[in-house]
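A.B. asks: Only the shape, not the letters, is given here:
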């Protein structure tokens, strides 16, 4: 008797596929991005318009102000600028002092090195 062998079947191929979002999910992401971009550009544009309006209003106030008001505003501005100037000058003096100290320190090190060579 001939032995019965099971019929041979070819091995099944395993297909790996990358899961892809459905077209609806892709479309939703694109629309979300588009709406976000429009909102962002609108906010920037609106802020620019507001700034421009404030500038025009301030400019009109200055032009329409009397001479005494202009002088008073300029003196007030000068006082503010002088108050801001003092701390900056103090910091600048500190930086200059540190630079001088570092230069003296570097010069001393160079002198010591020159004396060591002799």
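C.D. replies: Yep, that arrived. Because the structure is a prediction, the values reported are computed rather than measured.
A.B. asks: Which secondary structure element is home to the most centrally placed residue in the chain?
C.D. replies: Centroid check for the chain by CA atoms, centre = their mean gives residue 44 as the closest residue, at 15.3 Å. Under the criterion DSSP states H and E, the helix or strand holding residue 44 is helix 23-64.
A.B. asks: Report all helices and strands that the helix or strand following that helix contacts.
C.D. replies: Later in the chain than helix 23-64, the nearest helix or strand by DSSP H and E is helix 67-117. When contacts are defined as 3 or more CB pairs under 8 Å, 6 or more residues apart in numbering; DSSP states H and E, helix 67-117 packs onto no helix or strand at all. Glycine gets a C-beta too; all of them are placed from N, C-alpha and C.
A.B. asks: where's helix 67-117 relative to the chain centroid, distance-wise?
C.D. replies: 28 Å (CA atoms, centre = their mean, to the nearest Å).
A.B. asks: Now do that helix, average pLDDT.
C.D. replies: Averaged across helix 67-117, pLDDT comes to 90.
A.B. asks: do the same with stretch 37-56
C.D. replies: Stretch 37-56 comes out at a mean pLDDT of 96.
A.B. asks: tell me how far it is from the chain's mean position?
C.D. replies: 19 Å.
A.B. asks: Residue 67 is in contact with residue 73, correct?
C.D. replies: No - judged on CB atoms under 8 Å, residue 73 makes no contact with residue 67 at a distance of 10.8 Å.
A.B. asks: Look at those two and report which has more neighbours.
C.D. replies: Counted by other CB atoms under 10 Å, residue 73 and residue 67 do not tie: residue 73 has more neighbours, with 13 against 7.
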